[in-house]
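Undergrad: Whatever this is, show me its structure:
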Amino acid sequence: MYGLVRRLPFVLFFLVYFWTNVSGQTSAPGKDCVSKSNTSCEECLKNVTCLWCKSNQQCVDYPVRTVLPPKSLCPLPEARWGLCWVNFQALIITMSVAAAIIIIAVVVCCFRCCKRKKPRDMRADATMERQAEVRKVHQEERRTEMRLRHDEIRTKYGLTKENAYARFEDN
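TA: Now for the predicted structure:
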């Protein structure tokens, strides 16, 4: 989880970069972020590589190597990146919650899809039930045939079911 939180600013960086380029704000590669200090947040964030610190009104280069800006540079609640009205901490929390919800939704969907029976499975179940019924009928027929054979043998040797002790009385 910690690794995901550490990589999240990179993902956000690319999302904001593409969003700002599509919305008409282009990055100025030749201009330095420090030169935009003491101007405005909007002016600073026109360049997507810049980070605005609201507490000291400074525009600084985004520290890409540390992923999250260090507290010595600017505290997270005061940092603005991409949008002036969203602080960096809220942006990270919101994106983490959104990512978690999406991951949970995908896992639930996969679980439900795997659990649901497919039409082929229903046909296979119906076939298995028919085969089980046929086996049950054959088994009953065999039991009936065995009973008839046993009854024939009993009558042949005088061992009828009505009175099993009758042969002992003849002695």
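Undergrad: Show me the strands in this protein, by range?
TA: 50-53, 58-61, 79-81, 83-87 (DSSP state E).
Undergrad: what helices or strands is the third one leaning on?
TA: For strand 79-81, the elements it packs on are helix 2-22, strand 50-53, strand 83-87, helix 88-115, judged by 3 or more C-beta pairs under 8 Å, 6 or more residues apart in numbering; DSSP states H and E. Heads up, the C-betas are built off the backbone N, CA and C, glycines and all.
Undergrad: picking up where we left off before, of all the strands of the chain, which lies closest to residue 143?
TA: strand 83-87 (78.3 Å; C-beta to C-beta).
Undergrad: Give me the residues contacting that closest one.
TA: Residues external to strand 83-87 that are found in contact with it (C-beta atoms under 8 Å, 6 or more residues apart in numbering): 16, 41-42, 45, 52, 54, 76-80, 91, 94.
Undergrad: so it versus helix 88-115, what angle?
TA: 80 degrees (axes from the mean of the first three to the mean of the last three C-alpha atoms, to 10 degrees).
Undergrad: Report the distance from strand 83-87 to the chain centre.
TA: 30 Å (C-alpha atoms, centre = their mean, to the nearest Å).
Undergrad: Give me the mean pLDDT for it.
TA: What strand 83-87 shows for mean pLDDT is 83.
Undergrad: May I see the strands of the chain organised as CSV, with mean neighbour count and distance to residue 103 added?
TA: Output for the strands of the chain, formatted as CSV (neighbours: other C-beta atoms under 10 Å; distance: least, C-beta to C-beta, whole Å):
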stretch, mean neighbour count, distance to residue 103
strand 50-53, 23, 28
strand 58-61, 18, 32
strand 79-81, 23, 24
strand 83-87, 13, 22
